[in-house]
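Chemist: sharing a model prediction with you, sequence too.
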Amino acid sequence: MRCAEWGAALAAAEQWLLPAECLLCLDPISPRAGDPLICPVCQASWSRLPEPRCDRCGQPTFGNEDCRLCTAWPGGFARARSAVWLDRRARRAVHLLKYEGWWRLAQALAPALRPALAELTGQVLVPVPLSRRRVRLRGYNQAEQLARALAAPGHRTVRPELLRRTRETATQTRLAPGERAANVAGAFEASRATRGLRLVLVDDVFTTGATLAAAADALLRAGAAGVEAITFARAVPVGLEVGRYRESGRGRVVGGGTPATGRRPPGPMRAGPTP
């Protein structure tokens, strides 16, 4: 038996002897499901954004109100889409991906993103860059992991070198909506290699769109033919209730949300070597 076959056999035996737990609900994941980190039930329970939505920024519209979220975007920033609401379940997944080393979670989140990606026309994926300090602290850029997971089964390419962050910025989550645009203004620089390309920015969360708009502006100034964007999750507007949540038992979530406990799967199932 060759080394590769031995490795596959050992991995299969490990899954039977040490069954993995879903990172969100903590239920065991069947070995037949492979190694997804998030169980099929939780993957099927994301809170999708409802229709109708703004054709440009993808924000759900309520009643006859006009969308004002994207009115200040640069002209060539054509559209943005998000896969799910940032409810408690999605927030937990994003936190694990960004801050707790679970870079392989990008592969489990990618299926939820693909229907939204199908609405976009750009063929080159550009992850929103982190500062060098944050890359050193995390060991990777979560947006790049999402982009590579999205590009894997299709014909799109990933070009992280087309955009870089020129300065450290304060964490957007700590800022009021009006402060976010000022925080990221001029924080990105694009390569001249973007000239004539139709690009899709990739990030983990859409809150006000300020980061995406600033990144799109840099790409368009460098000559990009057009820019779109996609994120896994979108912040829930203030006052909007997304689903009802109730928790029961050992941290299991029924109907949405995050586990009540902070337990993780066994060590071998964690992120693995830094990519």
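Modeler: Good, I have the coordinates.

Chemist: what are the ranges of the helices in the protein?
Modeler: Secondary structure of the chain, counting by DSSP state H: helices at 3-17, 40-43, 88-99, 105-117, 132-138, 142-151, 177-184, 210-221.

Chemist: can you list those helices in a markdown table and add distance to residue 201?
Modeler: The way it works is simple: take the backbone N, C-alpha and C, and place the C-beta from them, glycine included. What follows is those, written out as a markdown table (distance: least, Cβ to Cβ, whole Å):
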| stretch | distance to residue 201 |
| --- | --- |
| helix 3-17 | 35 |
| helix 40-43 | 24 |
| helix 88-99 | 17 |
| helix 105-117 | 12 |
| helix 132-138 | 17 |
| helix 142-151 | 8 |
| helix 177-184 | 13 |
| helix 210-221 | 6 |
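
Chemist: spatially nearest residue to residue 80 (excluding sequence neighbours)?
Modeler: residue 229 (4.0 Å; Cβ to Cβ, 6 or more residues apart in numbering).

Chemist: roughly how far apart are the one you found and residue 99?
Modeler: To residue 99, residue 229 is 22 Å away according to Cβ to Cβ, to the nearest Å.

Chemist: residue 77: which of the helices of the chain is closest?
Modeler: Closest to residue 77 of those, according to Cβ to Cβ: helix 210-221, at 4.1 Å.

Chemist: ok, residue 53 - contacts?
Modeler: Listed by Cβ atoms under 8 Å, 6 or more residues apart in numbering, the contact set of residue 53 reads 59-61.

Chemist: can you tell me which of those residues are buried?
Modeler: 59-60 (16 or more other Cβ atoms under 10 Å).

Chemist: in terms of model confidence, name the weakest of the contacts of residue 53.
Modeler: Lowest pLDDT of the contacts of residue 53: residue 61, 85.

Chemist: chain neighbours aside, what residue packs nearest to residue 113?
Modeler: Per Cβ to Cβ, 6+ apart, closest to residue 113 is residue 83, 4.7 Å.

Chemist: how deep is the one you found tucked in, by neighbour count?
Modeler: Neighbours of residue 83 under the rule other Cβ atoms under 10 Å: 24.

Chemist: spit out the contact partners of it.
Modeler: 46, 48-49, 109, 112-113, 115-116, 230-233.

Chemist: for the residues you listed, which PyMOL command selects only the ones that are buried?
Modeler: In PyMOL, a selection of the buried entries from the contacts of residue 83 looks like this (16+ other Cβ under 10 Å):
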select buried, resi 46+49+109+112+113+116+230+231+232+233
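
Chemist: these two touch, right, residue 142 and residue 101?
Modeler: No. Using Cβ atoms under 8 Å, residue 142 is not in contact with residue 101; the gap is 10.5 Å.

Chemist: what about stretch 96-109, distance to the chain center?
Modeler: From the chain centre to the centre of stretch 96-109 is a distance of 9 Å (Cα atoms, centre = their mean, to the nearest Å).

Chemist: so for that stretch, what's the average pLDDT?
Modeler: 94.

Chemist: what about the nearest residue to residue 189 once chain neighbours are set aside, how many neighbours?
Modeler: Nearest non-adjacent residue to residue 189, counting by Cβ to Cβ, 6+ apart: residue 166, 4.9 Å away. The local packing of residue 166 (other Cβ under 10 Å) involves 12 other residues.
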